[in-house]
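*Asks:* What follows is a predicted protein model with its sequence.
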Amino acid sequence: NNIKLRVVGNGNTITDNVISGGVNHGISAAGSNAVISGNNISGLNGTSGVGIIITGLSYSLINNNTVENVYEYGIYGEQNTTHDNAIIDNAISYIGIVGEDSNGAGTGIKFSCGPNHTLVANNELAGCLGYGICMVGNATYDAPFSYVIGNTVITSGDPGMLIGGASDALISKNTVNDNRSVGIAVGSHSGLPITSPRAKVINNTACGNDLEGIYLTGAEDGIITGNITLNNYTSANTYASHKRAGIGSYYDSNTDNMLLCNTSSDNDSGDQKYGVYLCSGVTYNTVMFNDLYYCPDASVQNDSGNGTNTISSNRSTVDWNALSTAPPVAVADTDNPVLLSNGSGQLDGSDTHLMTGSTTISYLWEQIYGPTISITNPSAAITGFTAPTVTTVELLGFRLTATTDDGSTSDEIYFAVMPKYR
């Protein structure tokens, strides 16, 4: 009675099952090349209930599942034997709430302590008692190469997204609104002496959250660009360590980050006081070309006191002159992140937008992960490719770099490619 459906081995297909009540866990799968799709899991009444467990699973696709009203996690995986999986287009809600009970961990999607090259894309998460999406490592195992793209997270109880102790993460094109804590948190995790180096936080929308829209704590050599953080921080919160900012950077482990071309304002309540806040000890960060307006106290509040941060060319309430120079904001997108073997994939950079400044723009698409393929026209805004022949689920990754005379920025997009017989 602990697990309703457990499948171990390679090449399994688990589809269209309805699982409700009476057990701790819905589906548990280990092995490789699995497809877990179209299942409906709800009302698991065990005190550690998980909708779908994929610890020990690799090269697999988990998509179009519905998980609601379970106790602990919607979808969960751990250990470094869990890798190269795609979690796409799932609907997850009310995790941590079973009937009248609301004492579960309550995280929608969680991967911890070793999973790598995990694609979490286009999922919808609402009403989770804990985190919406949580990708974390610990002092022993990193959780590297987490690709969190195009998800919607609303009304979670903890940060909508936590990327902690996870190196080389991509957090892009997510909508993380109206959560009862931070919108997106990137850095260390649970006080452990580990960081999230080289994180890319690109083109996300984080609005109406009770604390910061984007919260950096232990981010190193990261890129934070093209994000929109509006109307965050409610007056009901009294956390002394949070400074009512759209983007907040805290602790001396936040170093060498680039904060470029973000938009941050509070044009309604006045509770978001700063566009960007740099805490004491934050060093060697660059804050440039940001639109920071209607921030009552300061567009950029720099409390680091050490003179190593570069803060310039931002637009604020006291400077409404247009930005004379600013790089473009690259946006890499696609119409379908799930492809069949030898299928056609689209790479779409048409939503890339210019800040004020240069009007002539060039594009460059590069493959950065997966079996090698050829891009039809790497210099076009919209182009395509033919997926490789695969016998297991494979991930493909591409980077778009957009360049003008004023500089360049990049964004990435990832695909899951399935064998045709699946």
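*Replies:* Happy to help now that I have it. As the structure is a prediction and not an experimental result, all values here were calculated from the model. Numbering: from 1, shown residues only.
*Asks:* Can you name the residues that contact Ser156?
*Replies:* When contacts are counted by C-beta atoms under 8 Å, 6 or more residues apart in numbering, Ser156 touches Gly108, Leu125, Gly127, Cys128, Leu129, Gly130, Tyr131, Gly132, Asn179, Arg180, Ser181. C-beta here means a position set from N, CA and C on the backbone, and glycine is covered the same way.
*Asks:* ditto for His25
*Replies:* For His25, the contacting residues are Asn2, Ile3, Lys4, Leu44, Gly46, Ser48, Gly49, Val50, Gly51, Ile53, by C-beta under 8 Å, 6+ apart.
*Asks:* can you tell me how far the second one sits from Ile88?
*Replies:* Ile3 is 23 Å from Ile88, where distance means C-beta to C-beta, to the nearest Å.
*Asks:* These two - which one has more neighbours?
*Replies:* Between Ile3 and Ile88, Ile88 has the larger neighbour count (other C-beta atoms under 10 Å), namely 24 against 16.
*Asks:* on contacts alone, who are the packing partners of the helix or strand where Ala416 lies?
*Replies:* Using DSSP states H and E, Ala416 maps to strand 407-418. When contacts are defined as 3 or more C-beta pairs under 8 Å, 6 or more residues apart in numbering; DSSP states H and E, strand 407-418 sits against strand 116-121, strand 146-149, strand 170-172, strand 200-202, strand 223-225, strand 338-340, strand 394-404.
*Asks:* Compare these and report which one is nearest to Pro371.
*Replies:* Distances from Pro371 to each of the helices and strands packed on strand 407-418 were compared using C-beta to C-beta; the minimum, 5.9 Å, belongs to strand 394-404.
*Asks:* Alpha carbons of the closest one, as CSV, please.
*Replies:* Listed in CSV are the C-alpha atoms of strand 394-404, where the atom choice follows Å, rounded to 0.1, in the frame of the first residue of the first chain:
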residue,chain,number,x,y,z
GLU,A,394,17.6,12.9,-25.5
LEU,A,395,18.0,16.6,-24.6
LEU,A,396,19.1,19.2,-27.1
GLY,A,397,20.2,22.7,-26.0
PHE,A,398,20.8,25.8,-28.1
ARG,A,399,22.0,29.3,-27.2
LEU,A,400,20.9,32.5,-29.0
THR,A,401,23.3,35.5,-28.8
ALA,A,402,21.9,38.8,-30.0
THR,A,403,24.4,41.6,-30.7
THR,A,404,24.3,45.3,-31.5
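*Asks:* Give me the pLDDT for Leu211.
*Replies:* The predicted structure scores Leu211 at 85 on the pLDDT scale.
*Asks:* May I see the helices and strands packed on strand 407-418 organised as TSV, with mean pLDDT and mean neighbour count added?
*Replies:* Listed next are the helices and strands packed on strand 407-418 as TSV, based on pLDDT from 0 to 100; neighbours: other C-beta atoms under 10 Å:
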stretch	mean pLDDT	mean neighbour count
strand 116-121	94	24
strand 146-149	95	26
strand 170-172	95	26
strand 200-202	95	26
strand 223-225	93	23
strand 338-340	95	19
strand 394-404	96	21
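*Asks:* a markdown table for those strands, including distance to Ala387?
*Replies:* Formatted as a markdown table, those follow (distance: least, C-beta to C-beta, whole Å):
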| stretch | distance to Ala387 |
| --- | --- |
| strand 116-121 | 15 |
| strand 146-149 | 17 |
| strand 170-172 | 20 |
| strand 200-202 | 24 |
| strand 223-225 | 28 |
| strand 338-340 | 5 |
| strand 394-404 | 7 |
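*Asks:* nearest to Ile311, of those?
*Replies:* Between these, strand 223-225 lies closest to Ile311; by C-beta to C-beta that is 13.9 Å.
*Asks:* Give me the packing partners of the closest one, helices and strands only.
*Replies:* Contacting strand 223-225 under the criterion 3+ C-beta pairs under 8 Å, 6+ apart are the following elements: strand 200-202, strand 258-260, strand 407-418.
*Asks:* what distance separates the helix or strand just after it from the centre of its chain?
*Replies:* On the C-terminal side of strand 223-225, the nearest following helix or strand under DSSP H and E is strand 228-230. Chain-centre distance of strand 228-230: 15 Å, with C-alpha atoms, centre = their mean, to the nearest Å.
*Asks:* what packs against strand 228-230?
*Replies:* Contact partners of strand 228-230 among helices and strands, from 3+ C-beta pairs under 8 Å, 6+ apart: strand 245-250, strand 263-265.
*Asks:* All the helices of the stretch 101-250 of the chain, in order from the start?
*Replies:* According to DSSP state H, counting those that start in this stretch, the stretch 101-250 of the chain carries no segments that qualify as helices.
*Asks:* residue ranges with poor pLDDT in it?
*Replies:* Scanning the stretch 101-250 of the chain for pLDDT under 70 picks out 101-104, 139, 189-194, 233-243.
*Asks:* run the last query once more with 90
*Replies:* Judged against pLDDT under 90, the low-scoring parts of the stretch 101-250 of the chain cover residues 101-105, 112-115, 136-144, 157-158, 164-167, 179-182, 187-197, 208-212, 215-220, 230-250.
*Asks:* OK, contacts around Ser146?
*Replies:* Per C-beta under 8 Å, 6+ apart, neighbours of Ser146: Phe111, Pro115, Asn116, Thr118, Val120, Met135, Ile163, Ala166, Ala169, Leu170.
*Asks:* In strands, which of the contacts of Ser156 fall?
*Replies:* In strands, defined here by DSSP state E, the members of those are Gly108, Leu125.
*Asks:* Turn the contacts of Ser156 into JSON lines, including neighbour count.
*Replies:* Shown next, in JSON lines, are those (neighbours: other C-beta atoms under 10 Å):
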{"residue": "Gly108", "neighbour count": "35"}
{"residue": "Leu125", "neighbour count": "28"}
{"residue": "Gly127", "neighbour count": "19"}
{"residue": "Cys128", "neighbour count": "31"}
{"residue": "Leu129", "neighbour count": "21"}
{"residue": "Gly130", "neighbour count": "21"}
{"residue": "Tyr131", "neighbour count": "31"}
{"residue": "Gly132", "neighbour count": "35"}
{"residue": "Asn179", "neighbour count": "27"}
{"residue": "Arg180", "neighbour count": "16"}
{"residue": "Ser181", "neighbour count": "21"}
